[in-house]
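Trainee: Below is the sequence, then the predicted model.
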Amino acid sequence: MGIVDVLSDLCSLPNYYGKTQKRKQFQTVEIKVKMDCEGCERRVKKALETMKGVNTVEVESKKNKVTVTGYVEAGKVIRRVAYKTGKKVEPWPYVPYDLVANPYAPGAYDKKAPAGYVRNVAADPAAARLVRASSMEMRYRFAFSDDNPNACAVM
């Protein structure tokens, strides 16, 4: 041990003074906010751009969708927009049409959804059982499918 090591041990602060904070993960948060005009769009964008940790804010007013990327938490983004704008905010409830097995089932199909989107039934357990096909339905669907080589014999 040299003199430099002894001095550095004497001058350093104990470990309990410096709290280690868990770093937030870089993520994309999608929320649904009803926006009627460009003024609403500007208020939402301004409320999010001033938030700490936000890298980009994309506002799609036709879809009522806001996409925020950065080191942020979804709950904080939702609370911030609701507080600053006074609007009803919810997580983005829609997924692309191709990701749902039965998109026209009562739980998945939503008339208010943007074109090409249906409700995310995987996140909603109450609607999910209506959308999932039973094994018997899958057998009938496969029996008359173009992928089944014996389908012509059945018909």
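Mentor: That came in fine, so what should we check first? Numbering: from 1, shown residues only.
Trainee: okay, CA-based contacts and neighbour counts for the rest of this
Mentor: Will do.
Trainee: isn't Asp110 right up against Arg119?
Mentor: Yes - taking CA atoms under 8 Å as the definition, Asp110 is a contact partner of Arg119 at 6.4 Å.
Trainee: And those two? Which one has more around it.
Mentor: Between Asp110 and Arg119, counted using other CA atoms under 10 Å, the more crowded position is Arg119 (23 against 15).
Trainee: Mind listing the residues bridging to that one?
Mentor: Taking DSSP bridges as the rule, Arg119 bridges to Tyr94.
Trainee: for it, what are its contacts?
Mentor: If you count contacts by CA atoms under 8 Å, 6 or more residues apart in numbering, Arg119 has them with 93-95, 107-110, 113.
Trainee: mind redoing it with 10 Å?
Mentor: Arg119 makes contacts with 92-97, 100, 103, 107-113, 127, as judged by CA atoms under 10 Å, 6 or more residues apart in numbering.
Trainee: same check, this time on Val57
Mentor: The neighbourhood of Val57, defined by CA under 10 Å, 6+ apart, consists of 28-30, 44-46, 48-49, 66-70.
Trainee: Next one: it from Met51, what distance?
Mentor: Note on Val57: its distance to Met51, by CA to CA, to the nearest Å, is 11 Å.
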